[in-house]
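Participant: Structure for this input, please:
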Amino acid sequence: MTTYVITVPGTFVHGVSDASRADVERRLRPQDPQNTDLGETEELSLLTVDENHTFSVRLEVEAADRRTAEAEAVRLVSGALRESGLSENDAPLGPAAVTGIDSEF
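Facilitator: Next up, the predicted model:
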């Protein structure tokens, strides 16, 4: 298994309250990339929200390959948003991308 840092972009169509943002972060905290060497070095934030309501979520995911890691990251982010009361229409996601790989050989 390899540890991937995956970035999932999206947009909060109607903006996001501080409470909702904190709830999403709390739900995703176990996958915080700060737990990886890359996350510590690059000082990656779990959730970054820009002024125009676009956001990026960076997660640590263990998977056998890139495609599986990206799919798992999208599943985790979608679930956290949904559990925080944000529908797919409230916070549509863009395609996930590998930000880094932290493998041990």
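Participant: Past the helix or strand bottoming out on mean pLDDT in the chain, which element shows up next along the chain?
Facilitator: The weakest-scoring helix or strand in the chain, judged by mean pLDDT, DSSP states H and E, is helix 37-42 (a mean of 52). Next helix or strand after helix 37-42 toward the C-terminus (DSSP states H and E): strand 47-49.
Participant: can you pull the contacts of residue 90?
Facilitator: For residue 90, the contacting residues are 12-14, 81, by CB atoms under 8 Å, 6 or more residues apart in numbering. The way it works is simple: take the backbone N, C-alpha and C, and place the C-beta from them, glycine included.
Participant: Return the subset of the residues you listed lying in helices.
Facilitator: Residues of the contacts of residue 90 located in helices (DSSP state H): residue 81.
Participant: Go through the contacts of residue 90 and name the one nearest residue 53.
Facilitator: residue 12 (4.4 Å; CB to CB).
Participant: Residue 21 and residue 11, how far apart?
Facilitator: Distance, residue 21 to residue 11, using CB to CB, to the nearest Å: 14 Å.
Participant: for residue 20, same thing?
Facilitator: Distance, residue 20 to residue 11, by CB to CB: 14 Å.
Participant: So what sits opposite residue 11 in the bridge?
Facilitator: Legend: beta-bridge partners of residue 11 under DSSP bridges are residue 54.
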